[in-house]
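Novice: Need the 3D shape of this:
(chains A and B)
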Protein chains: 2
Amino acid sequence: MRVALDIMSGDESPRSRIRAALRALNKYDYLELLLVGDNDLLQSYLNDVGYYDRGRLSLIHADATVAMDDKPSLALRTKRHSSMWQTLECVSDGRADACVSAGNTGALMAMGRFVLKTFAGVDRPAIAASVPSRNGSTLLLDVGANVDCTSMQLFQFAIMGSQLANAAHGIDRPRIGLLNVGTEEIKGNERVRIAHQLLNEHKQLNYIGYIEGHDIFSDRVDVVVCDGFAGNIALKTGEGVASLIADTLTEIFSRNLVTQGLAVLLSPILKEFNRKVDPELHNGASLLGLQGTVIKSHGGADEKGFYRAICQAVREAGKEVPARLAADVEKMLL
Amino acid sequence: MRVALDIMSGDESPRSRIRAALRALNKYDYLELLLVGDNDLLQSYLNDVGYYDRGRLSLIHADATVAMDDKPSLALRTKRHSSMWQTLECVSDGRADACVSAGNTGALMAMGRFVLKTFAGVDRPAIAASVPSRNGSTLLLDVGANVDCTSMQLFQFAIMGSQLANAAHGIDRPRIGLLNVGTEEIKGNERVRIAHQLLNEHKQLNYIGYIEGHDIFSDRVDVVVCDGFAGNIALKTGEGVASLIADTLTEIFSRNLVTQGLAVLLSPILKEFNRKVDPELHNGASLLGLQGTVIKSHGGADEKGFYRAICQAVREAGKEVPARLAADVEKMLL
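Specialist: Sure thing, here's the model as predicted:
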């Protein structure tokens, strides 16, 4: 299995991306990685970390980088030599089975649509993120690719999310909820209400109806559908609360010698706790609807976060998610 | 000071509303309460809890209740005898300085606009909720009154939120952020981008620009402005994560005798922790823009939650928030 990595894009340094790549090579002995970026930089970073074995590592040169504030349409027209574009090309021409980028979401979406194309019947891809919940994790989509959505797009997201939950997470008949401001029929805006009707009428889907923000983390639902504006707010709000709570605990425990002692006593418990709620562990969102596996990492993901995104790419490529989605989504949509 | 309470509306029993009312009377010795609801029911509940002193308690009869799934427009036309309507009337005719209801948000908004009227220059009221953050609390509006907002409404929310943070929370030049899916100029939809322009041009406001979901809980901002759809999702998502984390901690601590022992040792710390992040403690949102103080409690708030909402009404009435808002908002908007 081969995965291409966009080493240059995002807020973190290429160095931490490379360390994440080496961790992934250690974990999966069947994995080959294609590092895409400035050749000299990549060489010097690899020398820095003392990695000389190139058996499962190839370098692909790219002499431009898409900046986080580049306008997507402009990047699409002018940055075909960028690490992002070259990374996507690795998937489209078969050199890689999947790819990962931590770059500008809008640009990745625009280039992904151009280079890889969407499935027939899918208007625009969605970004599907996995968030911690009482049943392990819930798939939330869209989390930022489409700030304005039609009802039909929300309907398509439900179908794609359901198929991904089935293909990648092995959930039989995933329960789908539509995110709204209340569960009564009269709640929400026109777009949400029409999507609700479309979903109710489609008998192959296991649609459970409207859900609210707090239900994302419950065990009522496996897939949560919403537009990219609401989804992005939900995802980042959840991360903000988790981090506020973690900091509050740390502050309380570091207050004096007694509480510091308790913290030492508790460290295995606190570690387990962090493992369950740390958003970095859930880093790696799928660009769903493209004819190829593209994983979007947080721009600011650290080494651990980028490593999790690579693992996500390996998992989805291993289950041949795009091929299974292509068949099912086209069957259900057309 | 007199506060009117809609005892009948919401998901919880009138009994728990009455217990909350008695707690508030105990806390504020200058407070008088007007309980609005079915007279016989109120009498019998008061007898049940053994409360016979009627010095600071009056009963106001209402023979209808607005249901949580009533259509707001229908409730407005047909339920003038409801506890919700009668509660608002207490404020409009001067019998009360503020009021609290845990009922149907849409109906409360519709009746509030009809009975109390909005300030000149305000298109629609917003619901402003206080959420825990690193600087104590952040004001978030709108959290559900207006699922579709114009840019001008978002602009009005910013002005009202800024004035409320100043009048009720004593913050000098509150920092205002506009909730978006990223902080770059190109991010968001048309509505958000135009509101961003309007806010940038208004020199009296301390506008800091776009913020993201996780910033709500940071110390970067005092007031967060968004439409009611995004705000409601943010509020409930935050509550969902907080409750998931609390349950995870409880589950870990109750696992065996050793962890149970640790939990006992930790109980003061856990209590302090819960005090900081418990959403019930922040229950009580302001219907901002009406010519009178109306506090909206969660429909499902328990006794403690409804008690906090009453305290919120007492605080805002004590600071004469509507009168101060009227002067400032009209000056800044007209």
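
Novice: Now do the end-to-end distance for stretch A:76-86.
Specialist: 12 Å (CA to CA, to the nearest Å).

Novice: Could you pull out the helices in chain A for me?
Specialist: Ranges of helices within chain A are A:14-27, A:39-48, A:72-78, A:83-92, A:105-116, A:151-169, A:190-201, A:228-253, A:257-277, A:303-318, A:321-333, based on DSSP state H.

Novice: And the residue nearest the centre of chain A?
Specialist: With distances taken as CA atoms, centre = their mean, A:Ala285 lies nearest the centre of chain A, 0.5 Å away.

Novice: ok, now how distant is it from B:Met332?
Specialist: 41 Å (CB to CB, to the nearest Å). No exception for glycine: its C-beta is placed from N, CA and C like everyone else's.

Novice: Over to A:Cys90?
Specialist: Computed as CB to CB, the A:Cys90 to B:Met332 distance reads 55 Å.

Novice: Kindly report the same for A:Gln312.
Specialist: For A:Gln312 relative to B:Met332 (CB to CB), the value is 48 Å.

Novice: if you count what's nearby, which of these two comes out ahead?
Specialist: When neighbours are counted by other CB atoms under 10 Å in any protein chain shown, A:Gln312 and B:Met332 differ, and A:Gln312 comes out ahead with 23 against 18.

Novice: Can you give me the pLDDT of A:Val277?
Specialist: Note on A:Val277: pLDDT of 62.

Novice: Next, count neighbours for the residue in the stretch 51-200 of chain A positioned nearest to chain B.
Specialist: When scored by CB to the nearest CB, the stretch 51-200 of chain A has A:Val181 as its residue closest to chain B, at 4.1 Å. Neighbours of A:Val181 under the rule other CB under 10 Å: 27.

Novice: how about the spatially closest residue to it that is not a sequence neighbour, what does it touch?
Specialist: If the residues on either side of it in the chain are set aside, A:Val181 comes closest to B:Asn232, at 4.1 Å by CB to CB, 6 or more residues apart in numbering or on different chains. Contacts of B:Asn232 were listed using CB atoms under 8 Å, 6 or more residues apart in numbering or on different chains, and they are A:181, A:212-213, B:143-144, B:147.

Novice: if we can go back for a sec, ranking the helices of chain A by burial, who's on top?
Specialist: helix A:83-92 (a mean of 25; mean count of other CB atoms under 10 Å in any protein chain shown).

Novice: from the middle of its chain, how far away would that one be?
Specialist: 17 Å (CA atoms, centre = their mean, to the nearest Å).

Novice: what sits up against it?
Specialist: By CB under 8 Å, 6+ apart, helix A:83-92 touches A:2, A:4-9, A:34, A:36-38, A:60, A:62, A:64-66, A:75, A:79, A:95-101, A:103-104, A:107-108, A:111-112, A:115-116, A:292-294.

Novice: got it, and stretch A:290-297?
Specialist: Contacting residues not belonging to stretch A:290-297 are listed as A:10, A:88, A:91-92, A:97-102, A:105, A:108, A:112-113, A:116-119, A:125, A:127, A:283-287, A:305-306, A:309-310, A:312-313, A:316-317, A:321-322, A:326 [CB under 8 Å, 6+ apart].

Novice: same thing but at 7 Å, please
Specialist: The contact list for stretch A:290-297 (CB atoms under 7 Å, 6 or more residues apart in numbering or on different chains) reads A:10, A:88, A:91-92, A:97-102, A:105, A:108, A:112, A:116-119, A:125, A:127, A:283-287, A:305-306, A:309, A:312-313, A:316-317, A:321-322, A:326.

Novice: So among the contacts of B:Asn232, where is pLDDT lowest?
Specialist: B:Gly144 (86).

Novice: Is it correct that it is in contact with A:Gly188?
Specialist: No. Using CB atoms under 7 Å, B:Gly144 makes no contact with A:Gly188, being 10.5 Å away.

Novice: Which residues are in contact with each of these two?
Specialist: Common neighbours of B:Gly144 and A:Gly188, counting by CB under 7 Å, 6+ apart, are A:Val181.

Novice: contacting residues for A:Pro268?
Specialist: By CB under 7 Å, 6+ apart, the contact set of A:Pro268 is empty.

Novice: Could you measure from it over to A:Arg255?
Specialist: For A:Pro268, the distance to A:Arg255 - CB to CB - is 21 Å.

Novice: Can you check which strand is longest in chain A?
Specialist: Looking across chain A with DSSP state E, the single longest strand is strand A:126-133.

Novice: Show me what stretch A:36-45 is in contact with.
Specialist: The contact list for stretch A:36-45, computed with CB under 7 Å, 6+ apart, reads A:4-8, A:14-15, A:18, A:35, A:59-63, A:83, A:86-87.

Novice: So A:Ala20 is in contact with A:Arg308, correct?
Specialist: No. Using CB under 7 Å, A:Ala20 is not in contact with A:Arg308; the gap is 8.5 Å.

Novice: What's the end-to-end length of stretch A:160-176?
Specialist: Terminal-residue distance, stretch A:160-176 (CA to CA): 11 Å.

Novice: Run the chain-centre distance for it.
Specialist: With CA atoms, centre = their mean, you get 15 Å for stretch A:160-176.

Novice: Show me the contact partners of that stretch.
Specialist: With CB under 7 Å, 6+ apart, stretch A:160-176 has contacts from A:126, A:128, A:139, A:141, A:158, A:205-208, A:221-223, A:225, A:286, A:288-289, A:315-316, A:319, A:321, A:324-325, A:328-329.

Novice: The same query, at a cut-off of 6 Å, please.
Specialist: A:128, A:139, A:141, A:158, A:205-208, A:221-223, A:288-289, A:316, A:319, A:321, A:324-325, A:328-329 (CB atoms under 6 Å, 6 or more residues apart in numbering or on different chains).
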